[in-house]
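> Sequence and computational prediction follow.
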Amino acid sequence: MNKYLVLLALAAALLIPFQSSPVFAYDQPASNLGFTSFLDGAPPAGPGFYFTEYLQFYTADDFADLEIPGQEVDVWVNLNQFIYQSNQPVLFGGKWGIDLIIPVVSLDSTILPDNGTGIGDLLVGPYLQWDMKMGDNGPLFVHRIELQTILPTGKYDQNKAMNPGSNFVSFNPYWAATLFISPRLTTSWRLHYLWNAKNNDPNTPFPANDTQAGQAFHANFSTAYEVIPKILRLGINGYYLKQFTSSQVDGSDVPGKEKIFGIGPGALIHLGKDNHIFINAYFETSAEYRTKGERYQARWVHHF
């Protein structure tokens, strides 16, 4: 999903001499906000091939810092993920793996012109997975580092405010980990850094050669308790995004940095060793320069 409402300006301000135009960024690309949650530090069944199917629905009618009466957007996101986890350590004991995600995105906006349904931007990343650290009573800690890149392969039209693709490359590496507080209580996190290249065909309300979304930090976090051993975990899941450098138009900074926080309940159902179902809900707050809404997601993980 790409809520690319880039650098909107109020036309009236252009008619007032000496008044700066209220132009601001609203331009971060689609990223992992809530797609991952419980037991995120490792694939659930060790080395081998994995297929993961995500289905997420996002709805919002509040565009923070952007006054558009009657605005509403609904987004369906279907992620198809392919993972290979090797059993071969290559660096500091970490075992290599590769991650590939192909999104399909459907956009529906009541006000802003959207580009409908199409393939989103391809995500690909090599990673290192470390083995579980074990204690006297069972697992203690497991983690992974991935160098993920978002490639601009998705459907894009510069005349549309909302597109399945972003039309620029993003570098989005992360560190994911799970800590076992007790044999049945866990906490997990995934910490991302996000850097964005220039968009040379931007959607702007005035002529511009290029735009560039600012750098950002975003994170997923969760805590779960094993209610039924080896079958059901219940918990709390959330995410946070904070842009920390300004977006730019033709090399000049524009006001506004995006921020969002989402939190809600979740469940993890184990259908044996090789099949796992995650159910998550998120309710957003503290929005700055981006939409504020709700996310609902189901995820199925299969190990071959």
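Structure's in. What do you need?

> Any idea how far apart the tips of stretch 163-181 sit?
This stretch, stretch 163-181, spans 42 Å end to end (Cα to Cα, to the nearest Å).

> just how off-centre is it within its chain?
Put simply, stretch 163-181 sits 6 Å off its chain's centre (Cα atoms, centre = their mean, to the nearest Å).

> Quick check: mean pLDDT of that stretch?
Summarised as a single mean, pLDDT over stretch 163-181 is 97.

> what does stretch 206-226 give?
Mean predicted lDDT for stretch 206-226 stands at 95.

> for that stretch, how far is the first residue from the last?
54 Å.

> That one: which residues count as buried?
208, 210-216, 218-224, 226 (16 or more other Cβ atoms under 10 Å). Where you see a C-beta, it was placed from the backbone N, CA and C, and this is true even at glycine.

> got it, and stretch 73-89?
73-77, 79, 81, 83, 85.

> nearest to Thr52, of those?
Within the buried residues of stretch 73-89, distances to Thr52 taken as Cβ to Cβ reach their minimum at Gln81, with 4.0 Å.

> Just the element for that closest one, please.
Gln81 belongs to strand 73-91 when assigned by DSSP states H and E.

> So for that strand, mean pLDDT?
96.

> after the helix or strand where Phe217 lies, next one along is what?
Taking DSSP H and E as the definition, Phe217 sits inside strand 216-228. Once strand 216-228 ends, the next helix or strand along the chain (criterion: DSSP H and E) is strand 232-243.

> Could you list the low-pLDDT ranges of the stretch 1-150 of the chain?
1-25, 67-68 (pLDDT under 70).

> Spatially central residue in this protein, please.
With distances taken as Cα atoms, centre = their mean, Asn32 lies nearest the centre of the chain, 1.6 Å away.

> Contacts only, for that one.
172, 174, 190, 192, 218, 220 (Cβ atoms under 8 Å, 6 or more residues apart in numbering).

> Spatially, which two of the buried residues of stretch 73-89 are the most separated?
Longest span within those, Cβ to Cβ: Val73 and Gln85, 35.9 Å.

> Quick check: the gap between the residue nearest to the centre of the chain and Ser86.
Counting by Cβ to Cβ, to the nearest Å, the separation of Asn32 from Ser86 is 23 Å.

> swap in Pro47?
Counting by Cβ to Cβ, the separation of Pro47 from Ser86 is 6 Å.

> okay, and the common contacts of the two?
Counting by Cβ under 8 Å, 6+ apart, the contacts common to Pro47 and Ser86 are Lys95.

> Fine by me, thanks again.
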